[in-house]
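>>> no sequence for this one, just the structure:
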């Protein structure tokens, strides 16, 4: 299927990627040619019993036990913004009354980057 | 007299072990090489001489105390900059991680430390290992030591150039679609991608997790085997790490290859192959026949679709793996009034053009309405390709092919044409898609003096036969590694 500038912008929004209109134009050309090449795969006919890919030769289980883990300082040390305890991100939750407070003090714990809230 | 930097890893380890030289002497000789070469080729992104000397002195201290610091005691090893190294930068060649310092060692880095290796520094690479020329590094390209107007290949181009120019005897790279073997071929050295699961990926910054493997680069087959022996083996921190025991990779002297069956897959000798590559690899095939190997033609028709499958599977996995770079935990953050704005601007600023291209390609292939037609179908073709590979390698022990269709291309030559760059991986992606081990070793030079690589592939966990055939070829063909001429001042 052909890929145009609008399609690039649609995918870029899904990928949370800022792409300028000029970039989108160039990317549309590149992706269109790449996808045209990839489309050759559609001609490959597979036997019905071709099965699916198994990556692993082994079942992997371990005990549900806490192991070694990063210290808080190590976990925070590469972050752009912290308060020494948490990652800081721009405000995500509206204040009661519907107005978004204009500060950058939302705290975000661990992996759940987008789900922080005021403490 | 052979200079220390000219010696291979095994010879250096022996000289240090017998105390004919100190680990510090060896470190100084290689630091001097880095000083005289790195500005010309940009192989290393980070070298911390004081730290290198500290590690070398510690090895000397252990020897003086009567301890055994391990099989690589005092041997300098370079690390591709996507291998997490505690206390050192790990940038992945990206602005996104320009100031990132890992808080832990990758499994392979811990193994190197336990083996007594001296870590020389971190080498240049295509951003997040996405590329075939090291030109996609945010910090500038690495140049081929044999012709500085040409690429080293990629993405492990810094590691390959550092080994070829004698800045280190050994280096680690990672190989997702050929990223160890292709630069090894372009730089005239040995590069090996192990069976998927043989080496733990713990601490390797993820690109495409079902394809990524860490492997050795060296100037001869035995050195590559030594380095692989140190890093291979089970690690519970990588769920795909195999529990099989690691085979003994080199069992001594050169032997005849009588009884060894070598398959020549016709699809790897298609019309796109440069005539000099075809002729040189043909001569290598003849050398193996002289050693007693039985040569037969085989066919792997599905491998013709390797690039199409690879450029669906790898970008899809990458688009998911790179979702973690959101401006929160990893250094670079863009402006944004809302969290979403901040994510979007961080990723827009932090990633270079090729990484964006692949994230978009992967997001497209995984998106609603396209998933079955692209990702789902590609996985089925991949499964069939792997079944075909396994059927063929039941009848032959090793497959022989060129590593690359051409010799090293010129810097800038393919940068405006991503598809042409991708097609350069046509001969290497099969091993990754099938999880199989493969090695590239030098088999001659073009009329311009540029190295040509011979590729051998084996069935999964066939490292033993792979190294046996490679070592026998190396001895028979007497393809001694030759260093590039010194850069003019």
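Noted; the coordinates are in hand. Note that the structure is a prediction, hence the values are computed from the model and not measured. Numbers count the residues shown, from 1 in each chain, chains lettered A, B, ... in the order given.

>>> where does residue B:283 fall, helix, sheet strand or coil?
helix (DSSP: H, G, I helix; E, B strand; the rest coil).

>>> Run a quick neighbour tally on it.
Counted with other CB atoms under 10 Å in any protein chain shown, residues neighbouring residue B:283 total 14. Where C-beta positions appear, they are placed from N, C-alpha and C, glycine not excepted.

>>> Over to the closest residue in space to it that isn't next to it in sequence: give its phi and psi.
Leaving aside its sequence neighbours, residue B:283 sits nearest to residue B:444 (CB to CB, 6 or more residues apart in numbering or on different chains; 6.8 Å). Backbone torsions for residue B:444, taken as degrees, to the nearest 10, come to phi 150, psi -180.

>>> residues contacting the closest residue to residue B:19 other than its chain neighbours?
Residue nearest to residue B:19 in three dimensions, not counting chain neighbours: residue B:63, with 6.5 Å by CB to CB, 6+ apart. Counting by CB atoms under 8 Å, 6 or more residues apart in numbering or on different chains, residue B:63 touches B:16-17, B:19, B:23, B:69, B:73.

>>> Any of these buried? List them.
B:16, B:23, B:69, B:73 (16 or more other CB atoms under 10 Å in any protein chain shown).

>>> can you tell me which residues contact the closest residue to chain B within chain A?
Closest contact between chain A and chain B, by CB to the nearest CB, is at residue A:18 (2.8 Å). By CB under 8 Å, 6+ apart, the contact set of residue A:18 is A:12, B:334, B:344-345, B:347-349.

>>> Relative to the whole chain's centre, how far out is stretch B:46-62?
Averaging C-alpha positions (CA atoms, centre = their mean, to the nearest Å) puts stretch B:46-62 25 Å from its chain's average.

>>> how about it: buried residues?
Across stretch B:46-62, burial judged by 16+ other CB under 10 Å covers B:46-48, B:51-53, B:55-56, B:59-60, B:62.

>>> hmm, who's touching it?
Identification of contacts with stretch B:46-62 by CB under 8 Å, 6+ apart yields B:16, B:22-24, B:26-28, B:31, B:34, B:38, B:68-69, B:73-74, B:76, B:81, B:88-89, B:91, B:116, B:118-122.

>>> Any quick PyMOL command for the buried ones out of these?
The following PyMOL line selects those of those that are buried, judged by 16+ other CB under 10 Å:
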select buried, chain B and resi 16+22+23+24+26+27+28+31+34+38+69+73+74+76+81+88+89+91+116+118+119+120+121+122
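
>>> out of the buried residues of stretch B:46-62, who's nearest chain A?
Each of those was scored against chain A by CB to the nearest CB, and residue B:46 proved nearest at 15.9 Å.

>>> Let's verify the nearest residue to the closest one once chain neighbours are set aside: helix, strand, or coil?
In space, and not counting its chain neighbours, residue B:46 is closest to residue B:122: 4.5 Å by CB to CB, 6+ apart. Following three-state DSSP, we place residue B:122 in the strand state.

>>> Quick one: residues contacting residue B:122.
Contacts for residue B:122 (CB under 8 Å, 6+ apart) come out as B:44-46, B:78-81, B:83, B:85, B:88-91.

>>> Serialize these to JSON lines and add fields for secondary structure and pLDDT.
Conversion of these to JSON lines gives the following (DSSP: H, G, I helix; E, B strand; the rest coil; pLDDT from 0 to 100):
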{"residue": "B:44", "secondary structure": "strand", "pLDDT": "98"}
{"residue": "B:45", "secondary structure": "strand", "pLDDT": "98"}
{"residue": "B:46", "secondary structure": "strand", "pLDDT": "98"}
{"residue": "B:78", "secondary structure": "strand", "pLDDT": "98"}
{"residue": "B:79", "secondary structure": "strand", "pLDDT": "98"}
{"residue": "B:80", "secondary structure": "strand", "pLDDT": "98"}
{"residue": "B:81", "secondary structure": "coil", "pLDDT": "98"}
{"residue": "B:83", "secondary structure": "strand", "pLDDT": "98"}
{"residue": "B:85", "secondary structure": "coil", "pLDDT": "97"}
{"residue": "B:88", "secondary structure": "coil", "pLDDT": "93"}
{"residue": "B:89", "secondary structure": "strand", "pLDDT": "96"}
{"residue": "B:90", "secondary structure": "coil", "pLDDT": "97"}
{"residue": "B:91", "secondary structure": "coil", "pLDDT": "98"}
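
>>> Present those residues as CSV; the columns should include distance to residue A:61.
Below are these laid out as CSV (distance: CB to CB, whole Å):
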residue, distance to residue A:61
B:44, 41
B:45, 39
B:46, 39
B:78, 36
B:79, 32
B:80, 32
B:81, 34
B:83, 28
B:85, 30
B:88, 34
B:89, 36
B:90, 30
B:91, 35
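
>>> what ranges do the strands span in chain A?
Per DSSP state E, chain A carries strands over the ranges A:87-89, A:106-108.

>>> can you tell me which of these the model trusts least?
Lowest mean pLDDT of the strands of chain A: strand A:106-108, a mean of 65.

>>> Ignoring the adjacent residues along the chain, who's closest to the residue of the stretch 301-450 of chain B found nearest chain A?
The minimum distance from the stretch 301-450 of chain B to chain A, using CB to the nearest CB, falls at residue B:348 (2.8 Å). Nearest-residue entry for residue B:348: residue A:18, 2.8 Å, with adjacent residues in sequence omitted and distances by CB to CB, 6+ apart.

>>> Give me the residues contacting the longest helix seen in chain A.
If you go by DSSP state H, chain A has its longest helix at helix A:21-38. Applying CB under 8 Å, 6+ apart, the external contacts of helix A:21-38 come out as A:1-5, A:7-9, A:12, A:19, B:307-308, B:311-312, B:353, B:356-357, B:360-361, B:364, B:374, B:418-419, B:422.

>>> low-confidence ranges in the stretch 1-150 of chain B?
For the stretch 1-150 of chain B, applying pLDDT under 70 flags no range at all.

>>> try 80 this time
The stretch 1-150 of chain B contains residues with pLDDT under 80 at B:1.

>>> and the residue of it found nearest chain A, what does it touch?
When scored by CB to the nearest CB, the stretch 1-150 of chain B has residue B:103 as its residue closest to chain A, at 3.9 Å. Listed by CB under 8 Å, 6+ apart, the contact set of residue B:103 reads A:70, A:74-75, A:77-78, B:86.

>>> and if you look at residue B:270?
residue B:304.

>>> Quick test: name the residue nearest the centre of chain B.
A centroid search over chain B (CA atoms, centre = their mean) returns residue B:180, at 2.1 Å, as the residue closest to the centre.

>>> my guess is it meets residue B:174, correct?
Yes: in this structure, residue B:180 is within contact of residue B:174 by CB atoms under 8 Å, at 7.0 Å.

>>> which residues are common contacts for these two?
By CB under 8 Å, 6+ apart, the residues touching both residue B:180 and residue B:174 are B:156, B:215.

>>> So for stretch B:101-114, what gets flagged as buried?
For stretch B:101-114, using 16+ other CB under 10 Å, the buried residues are B:101-113.
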